[in-house]
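J.: sequence? don't have it. structure:
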């Protein structure tokens, strides 16, 4: 059974094969070389470890060893193709077609950036964002089926912190607010969270929901300039925080996050998130 989905994937994939009129034998092994006891022509279906798997099977005597990145990496009778990833990252479009992972993404994002620069004089950063490392907020499952998270992005995004994917919030009213335009609703929620980090939340202890600021807020820039807000203009301070703060992942080694541990016969995954000022934004 799938740990998170309760789907019997062994029987599910076996049934897919048998529905096409073929016989299916499923072999479990930790060593990919084991498959050579049954066949010397192999398609490796893994994604992020595909190069290693193909290398191990070839070195062990595999005659024909392909990965999904070797399938449809060139057009076949006028079909679509992806020269870098083949059918990796593809999705079912209809019963008879699939949608391949996008190509020419770098040229695409740089073209958009150049067009907007020409028309407005502003330089914006552009990226094509896949679901390569995205947690589905409904199914709670990490989607790791794309070969890369972003196949194309402009140079200004290199080295920036990890960011949250908010597309799902924009497309779905998944908490049931029932409003036509959710932008202001979620902005209000996020700005309130940021305000609470200044006015009551403390590291390492549960927050009681009460604010502990009795006058105002002072923020000191790197150059010594002071930004001050009085508590009676909290909305203005919220706007300031939304505009100037980034969410990013802290040091994994220092905070020991992304670590699975067991407590009271239950397994937990520790996650960590930190907020950082970017007053130059």
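T.: Sure thing, it's come through. If you're wondering where the values come from, they're calculated on a predicted model, not measured in any experiment.
J.: now what about stretch 105-115, what contacts it?
T.: 102, 123, 124, 125, 126, 127, 128, 150, 151, 152, 153, 154 (Cβ atoms under 8 Å, 6 or more residues apart in numbering). Backbone N, C-alpha and C define where each C-beta goes, glycine included.
J.: isn't the third one up against residue 157?
T.: No. With contacts counted by Cβ atoms under 8 Å, residue 124 stays clear of residue 157, the gap being 10.5 Å.
J.: following the chain past the helix or strand residue 112 falls within, name the next helix or strand.
T.: Assigned by DSSP states H and E, residue 112 belongs to helix 105-120. Using DSSP H and E, the next helix or strand after helix 105-120 towards the C-terminus is strand 127-128.
J.: surely residue 211 is within a helix?
T.: No. Looking at residue 211 with DSSP: H, G, I helix; E, B strand; the rest coil, it is coil, so not inside a helix.
J.: from what I can see it touches residue 196, true?
T.: Yes. Under the criterion of Cβ under 8 Å, residue 211 makes contact with residue 196 at 7.4 Å.
J.: does residue 247 lie in a helix or a strand, and which?
T.: strand 245-248.
J.: what about the stretch 151-281 of the chain, any weak spots by pLDDT?
T.: The model of the stretch 151-281 of the chain has pLDDT under 70 over residues 159-182, 202-205, 212-233, 249-259, 269, 271, 277, 279-281.
J.: hang on, the earlier thing: most widely separated two among the contacts of stretch 105-115?
T.: For the contacts of stretch 105-115, the maximum inter-member distance is 23.2 Å, found between 102 and 123 (Cβ to Cβ).
J.: who has more neighbours out of the two?
T.: More crowded of residue 102 and residue 123, by other Cβ atoms under 10 Å: residue 102, with 14 against 11.
J.: who touches that one in this structure?
T.: So residue 102 contacts 82, 108, 128, 151, 152 (Cβ under 8 Å, 6+ apart).
J.: mind checking how far the last one is from residue 13?
T.: Just to be clear, that refers to residue 152. 32 Å (Cβ to Cβ, to the nearest Å).
J.: tell me which of those two has more neighbours.
T.: residue 152 (19 against 12).
J.: if I look at the nearest residue to the more buried one once chain neighbours are set aside, how far off is residue 72?
T.: Spatial nearest neighbour of residue 152, chain neighbours left out: residue 105 (2.7 Å); criterion: Cβ to Cβ, 6 or more residues apart in numbering. Here the criterion is Cβ to Cβ. By it, residue 105 lies 17 Å from residue 72.
J.: who are the contact partners of residue 74?
T.: 81, 83.
J.: quick check: the gap between it and residue 83.
T.: On the measure of Cβ to Cβ, residue 74 and residue 83 end up 7 Å apart.
J.: then residue 29?
T.: 32 Å.
J.: what is the burial count for residue 201?
T.: 16.
J.: right, I mislabeled it, should have said residue 87
T.: With other Cβ under 10 Å as criterion, residue 87 counts 19.
J.: ok, it - contacts?
T.: Taking Cβ under 8 Å, 6+ apart as the test, what residue 87 contacts is 68, 69, 71, 72, 98, 100.
J.: among the residues you listed, which pair sits farthest apart?
T.: The widest separation within those (Cβ to Cβ) is 14.5 Å, between 69 and 98.
J.: neighbour count for those two, which is higher?
T.: residue 69 (22 against 12).
J.: what sits against the more buried one?
T.: 50, 84, 85, 86, 87, 88, 147.
J.: please redo it, this time with the cut-off set to 7 Å
T.: Counting by Cβ atoms under 7 Å, 6 or more residues apart in numbering, residue 69 touches 50, 85, 86, 88.
J.: how close does the residue nearest to residue 24 when sequence neighbours are not counted sit to residue 43?
T.: In space, and not counting its chain neighbours, residue 24 is closest to residue 17: 4.0 Å by Cβ to Cβ, 6+ apart. According to Cβ to Cβ, residue 17 and residue 43 sit 13 Å apart.
J.: coming back round to it: listing partners with orientation, what would you give for the strand holding residue 247?
T.: strand 274-277 (antiparallel) (DSSP bridges).
J.: ok, residues contacting the partner strand?
T.: With Cβ under 7 Å, 6+ apart, strand 274-277 has contacts from 194, 197, 244, 245, 246, 247, 248, 250.
J.: go through stretch 148-157 and flag the buried ones.
T.: Using 16 or more other Cβ atoms under 10 Å as the test for burial, stretch 148-157 gives 148, 149, 151, 152, 153, 154.
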